[in-house]
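A.B. asks: Quick one: sequence and predicted model below, then my questions.
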Amino acid sequence: MSFLPGFSAPTAAWLALLFVPLIVFYFLKLRRPRLEIPSLVLWRQVLNDQRVNSPFQRFKRNLLLLLQLLLLLLLVLAAMQPFLHSDAAGARAHRRLVLIDCSASMAARGPNDGRTRLDLAKVRVRALIDNLLPGQELALVSFTNTARRRADFTADARTLREALAALEVEDLPSDLGEALRLAAAVARGAPFDSALLISDGNFPAEVAADLAFHLDFERLPAGGTNLGITALSARRAAATGDRAAWEIFVQVEGSRDADWAGAQVELRKDGQPLATAPLVRANAAPTPAATPSPGAALIAATADAGGSARQVFRVDAEGSPTGTTLEVRLLLAGFDALAADNRATLRLPVPRVLRVFVPPTLPTWRRALVALADNSLDLRAAGGGSGSGNDEAVPPETPFDLVITDQPADLSRAAGVVCSVGFVPEDLQRLVEIAPANATNGGGPSVIDWRRDADVLRHVELGDLVLLETPVVRVGATDADFNNLGYEILAQGGRGPLVLERRASAAATSSQTTSSRFVALLFNPDKSTLPYRVGFPVLVANLLDLATRAAGLSEVEATRTGPAANRVGDEASLLSPLETSLASVESIRFNEQITTTAALVPPRRERSLWFPLALGAFALLMVEWWAFHARPG
Amino acid sequence: METPAASAVTSLLSNADLDRLARLRLRPLQRLTSRTRGEHLGGKGGTSTEFCDYRDYAAGDDLRHVDWNAFSRLHRPYLKVFHTEEERHVLLVLDASSSMRFEGKLSRAKSLAAAFAALALRGHERLSAFAFYASENSSRQMARLPSCAGRMSLRKAFAFIEAIDETRGGDLTLELGIERALQQHSGGRGIAIVISDFLTAGDLGRAFNLVAGAGLELWALQLLGPSERDPALAIQGDLRLVDSETVQALDLSAAGDLLALYHEYRLAHEQRLQAICQARAGRFVSLGSDEPLNTVLFDRLRRLGWIV
């Protein structure tokens, strides 16, 4: 760092010529009070004394002139707008982009001052704005899991301060990659010299982004200790067969050295307290028993040494025709830095039967469904059925949770899960066709391999399956072509894929189905040995399980804050283990092995000196006034 | 000091002070007298009736003073020597220049001069007085009381001293004033009482040599005002000091810081004056113009042995 200041307006040095008229006028206009005394004999001797004529005393004899010269010097220096140089590379930047973290962890308060991390960030950015030199511009970008430009490059301190004041913490996790991508986009339109990231460092240490500019990372001091709810979900308690019984899973995690003493979890149903249970920690002393309640009960409480505690409640949601809202609150006895993660809500759906559509042409499937689900199914078919279900005619627009069909026309039905059986969907017809299996062409095994961990094929044994018809890949088609259409091959036959699955995101590009999951069985089970295998009812059960989950009838997870809700409340919850942990990274690694290390204290920047100089001039003026006018005597 | 009543002999001294002064007299260090007959013993033999000593006869001695009874017994001539009683002269030199107009210095000088005049005239000394103002060589610039003696001259002396103008002022330096006073002095030996502030840059040694050469014992009374003894009372901050006599100016900054030096130089000046006077068998005392007259006359000067 150079200790010699720079000057933003060196031409103001011409004002130093004012020294000449000042000195001239001083000696021309100096008026001292005249005092007639009997004789100057003794005073002349005094003034001729060497001690009076020392250099310092000479100055004192013209103290007023000296003060006025010093005052003018300070004013001239202030007009030249001096500033102290910095040792930071980006400090001399003329255009700087400031990235301000506004994620949930920035609301963490310190144990002593009570200020949030965002408050501290604002203080630092305000210092940047206040010390803007002529020709320097700032732009402000705030980010959570998305980034937003708050102020374009400007030197207008008022605009920047207003944009800074408008910043608020949003209960969202942070995504530094989004911020850097926006910064890169800004750089393309308005190039800047460097970017400054001001954050508490609560994000992953590795960011999958290319760094096309210099980035300074200014890390804010960590907040206090924190406990928060990081997971909340519900699963229908199927063991009892009671549709209204739910098992509520709550996970609580904390920051390092968090105070767990006296922490409790309170469960509220539709705003009314339902149960309260103390949190248990691994290797901790036994905690008091949960408060019993007629509608809820704590059935499990576990903890691990990693700093998390889990509790499972059984809740009776009966008698709620419009659904039930469960709220979990964390009751803490000690200091807690972050309030947003102390509350989470969960919406339990209205209990209902699973709506399944299976055409009468698939009696095997229908019998398996009836046998598996008993009374928990509303089984329907188009144009009459087999008598084992509700087989009246079904309009095409009727929504279903599961559709199993061998008719291509039924693929357009609205359903959570759709399974086509025995035909090739239209979008796959250019890749695969169904051909009879014969010993000449398919001498090998019918099924080469299958994904045993796939939801559909879990516990389904296809090893000794015999097929009468087998899908055959057309000439020139490859696995990549299936992937390009969004399909994943779950089971591979000797001549082509047997089972494929397409997720909802891929389905959006296709107009054929409206389901969230689409499973295509390119062979007809009725023309195979599958119905005679144990794997068939398991396959049907897997499809039922998928449909139940897709309908939210078996498992429900709390809605996380996101595009629909940026704040905790309105049935959205933070539920971010990273944000709750208040962990902080010390360096960020980007692509191409670029690493940026955090600085805990703000790097030295150009510091404008005009204000201290002007303040000094004013103080000097006061001293002069006191010394020559107001001093007693 | 008592305020002189309307019936007072002089406005300069109260009658009570005059009464007390009547019982006192001046006490010089040397026996310096004039040739003229008076009531003070001379330094050598004279013609009074009081026998003093015998001495051997020498050719040319007046035979009337030979003690013939002794000659008849001893057959050797001896001369009888008698005390001589001569007149002593008191010369009052009063500085009435502009520097004495401040803070009642001239007024106090006049009171002291009146007291010394009373002591001299009641003590059978001959008195003459001078008061000087400006350097112009004219009679207007110097007042003179011709030599006078006897109690009858008291009123005349008081009138002269009272007539000294306290407002006129002048620029005559002390050494020149003393020189001119000696030029007009009748030549009688005795005491020269100089009352001034002695704030002069001139060569006082030469002037005092003239005084001693004229057969006068030098009594120097320095009168300083309160602000001269302690300038902090009047001088602070930045000032332009103007000399009351020369009208020269001197710019002073942060005068408060120079006060210690001023005191140092004032004391050194007094010590130098004391040394000059003692070197010429004279006396020196520094008085404040605000000191009570009674204290000065009947305490300080008596303690110093100036008057008894």
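C.D. replies: Now that the structure is in, tell me what you want to look at.

A.B. asks: quick one: the residue most central in space within chain A from chain B, how far?
C.D. replies: Among the residues of chain A, the one closest to the centroid is residue A:173, at 1.9 Å (C-alpha atoms, centre = their mean). Noted for residue A:173: a distance of 69 Å to chain B, by C-beta to the nearest C-beta, to the nearest Å. In this view, the C-beta of every residue, glycine as well, is placed from N, C-alpha and C.

A.B. asks: which residues touch the residue lying closest to that residue once chain neighbours are set aside?
C.D. replies: Spatially, and ignoring its direct neighbours in sequence, residue A:173 is nearest to residue A:576 (4.5 Å; C-beta to C-beta, 6 or more residues apart in numbering or on different chains). With contact set as C-beta atoms under 8 Å, 6 or more residues apart in numbering or on different chains, residue A:576 has these partners: A:104, A:173, A:230, A:341, A:560.

A.B. asks: would you list every one of the strands in the stretch 251-400 of chain A?
C.D. replies: Secondary structure of the stretch 251-400 of chain A (DSSP state E, counting those that start in this stretch): strands at A:264-269, A:272-278, A:296-304, A:308-316, A:324-331, A:343-348, A:354-357, A:377-380, A:400-405.

A.B. asks: Just name the most buried of the ones you listed.
C.D. replies: Most buried of the strands of the stretch 251-400 of chain A, by mean neighbour count (mean count of other C-beta atoms under 10 Å in any protein chain shown): strand A:400-405, with a mean of 26.

A.B. asks: What helices and strands are in contact with the helix or strand where residue A:188 lies?
C.D. replies: Assigned by DSSP states H and E, residue A:188 falls within helix A:176-189. Packing partners of helix A:176-189 (3 or more C-beta pairs under 8 Å, 6 or more residues apart in numbering or on different chains; DSSP states H and E): strand A:95-101, strand A:137-143, strand A:147-154, strand A:194-199.

A.B. asks: Those into a markdown table, with extra columns for mean neighbour count and mean pLDDT?
C.D. replies: Shown next, in a markdown table, are the helices and strands packed on helix A:176-189 (neighbours: other C-beta atoms under 10 Å in any protein chain shown; pLDDT from 0 to 100):
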| stretch | mean neighbour count | mean pLDDT |
| --- | --- | --- |
| strand A:95-101 | 24 | 92 |
| strand A:137-143 | 24 | 93 |
| strand A:147-154 | 18 | 92 |
| strand A:194-199 | 25 | 91 |
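
A.B. asks: Figure out which of these is closest to residue A:432.
C.D. replies: Comparison of the helices and strands packed on helix A:176-189 against residue A:432 by C-beta to C-beta identifies strand A:147-154 as nearest, at 43.1 Å.

A.B. asks: ok, residues contacting the closest one?
C.D. replies: A:95, A:97, A:99-100, A:137-142, A:159-160, A:163-164, A:166-167, A:178-179, A:181-183, A:186, A:190, A:192.

A.B. asks: where exactly do the strands run in the stretch 201-308 of chain B?
C.D. replies: B:216-224, B:239-243, B:249-252, B:283-288.

A.B. asks: which stretches of the stretch 451-600 of chain A form helices?
C.D. replies: A:479-484, A:504-507, A:535-550, A:577-581 (DSSP state H, counting those that start in this stretch).

A.B. asks: Centre of the chain to the last one, how far?
C.D. replies: Taking C-alpha atoms, centre = their mean, to the nearest Å, one finds helix A:577-581 lying 10 Å from the centre of the chain it belongs to.

A.B. asks: So what touches that helix?
C.D. replies: Taking C-beta under 8 Å, 6+ apart as the rule, helix A:577-581 contacts A:103-105, A:173-174, A:202-204, A:226-231, A:253-256, A:338, A:341, A:574.

A.B. asks: Sort out for me which of those are in strands.
C.D. replies: Counting by DSSP state E, the members of those that fall within strands are A:227, A:228, A:229, A:230, A:231, A:253, A:254.

A.B. asks: Am I right that the fourth one is in contact with residue A:250?
C.D. replies: No. In this structure residue A:230 lies outside contact range of residue A:250 using C-beta atoms under 8 Å: 9.3 Å.

A.B. asks: Of the two, give the one with the bigger neighbour count.
C.D. replies: The residue with more neighbours, out of residue A:230 and residue A:250, is residue A:250; 27 against 23, by other C-beta atoms under 10 Å in any protein chain shown.

A.B. asks: Backbone dihedrals for the more buried one, please?
C.D. replies: Note on residue A:250: its backbone torsions stand at phi -120, psi 130 [degrees, to the nearest 10].

A.B. asks: Roughly how far does residue B:239 sit from chain A?
C.D. replies: 5 Å.

A.B. asks: Could you give the bridge partners of that residue?
C.D. replies: residue B:252 (DSSP bridges).

A.B. asks: ok, now the one 4 residues further on?
C.D. replies: The partner list for residue B:243 in beta bridges (DSSP bridges) reads residue A:37.

A.B. asks: What are the boundaries of the helices in chain B?
C.D. replies: Using DSSP state H, the helices of chain B run over B:15-22, B:68-74, B:105-122, B:154-162, B:174-183, B:204-213, B:226-229, B:259-279, B:293-295, B:301-303.

A.B. asks: With mean pLDDT and distance to residue A:567 as extra columns, can I get those in JSON lines?
C.D. replies: As requested, the helices of chain B are exported to JSON lines (pLDDT from 0 to 100; distance: least, C-beta to C-beta, whole Å):
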{"stretch": "helix B:15-22", "mean pLDDT": "90", "distance to residue A:567": "104"}
{"stretch": "helix B:68-74", "mean pLDDT": "92", "distance to residue A:567": "146"}
{"stretch": "helix B:105-122", "mean pLDDT": "93", "distance to residue A:567": "92"}
{"stretch": "helix B:154-162", "mean pLDDT": "92", "distance to residue A:567": "105"}
{"stretch": "helix B:174-183", "mean pLDDT": "88", "distance to residue A:567": "99"}
{"stretch": "helix B:204-213", "mean pLDDT": "90", "distance to residue A:567": "99"}
{"stretch": "helix B:226-229", "mean pLDDT": "90", "distance to residue A:567": "81"}
{"stretch": "helix B:259-279", "mean pLDDT": "92", "distance to residue A:567": "75"}
{"stretch": "helix B:293-295", "mean pLDDT": "92", "distance to residue A:567": "95"}
{"stretch": "helix B:301-303", "mean pLDDT": "92", "distance to residue A:567": "100"}
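
A.B. asks: mind putting those in JSON lines, mean neighbour count and distance to residue B:145 included?
C.D. replies: Formatted as JSON lines, the helices of chain B follow (neighbours: other C-beta atoms under 10 Å in any protein chain shown; distance: least, C-beta to C-beta, whole Å):
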{"stretch": "helix B:15-22", "mean neighbour count": "16", "distance to residue B:145": "18"}
{"stretch": "helix B:68-74", "mean neighbour count": "11", "distance to residue B:145": "48"}
{"stretch": "helix B:105-122", "mean neighbour count": "25", "distance to residue B:145": "8"}
{"stretch": "helix B:154-162", "mean neighbour count": "19", "distance to residue B:145": "4"}
{"stretch": "helix B:174-183", "mean neighbour count": "20", "distance to residue B:145": "11"}
{"stretch": "helix B:204-213", "mean neighbour count": "18", "distance to residue B:145": "18"}
{"stretch": "helix B:226-229", "mean neighbour count": "18", "distance to residue B:145": "28"}
{"stretch": "helix B:259-279", "mean neighbour count": "16", "distance to residue B:145": "24"}
{"stretch": "helix B:293-295", "mean neighbour count": "15", "distance to residue B:145": "21"}
{"stretch": "helix B:301-303", "mean neighbour count": "16", "distance to residue B:145": "22"}
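
A.B. asks: Surely residue B:142 and residue B:130 touch.
C.D. replies: Yes. Counting by C-beta under 8 Å, residue B:130 is a contact partner of residue B:142 at 6.3 Å.

A.B. asks: Are there residues contacting both of those two? Which ones?
C.D. replies: B:177, B:180, B:181, B:184.
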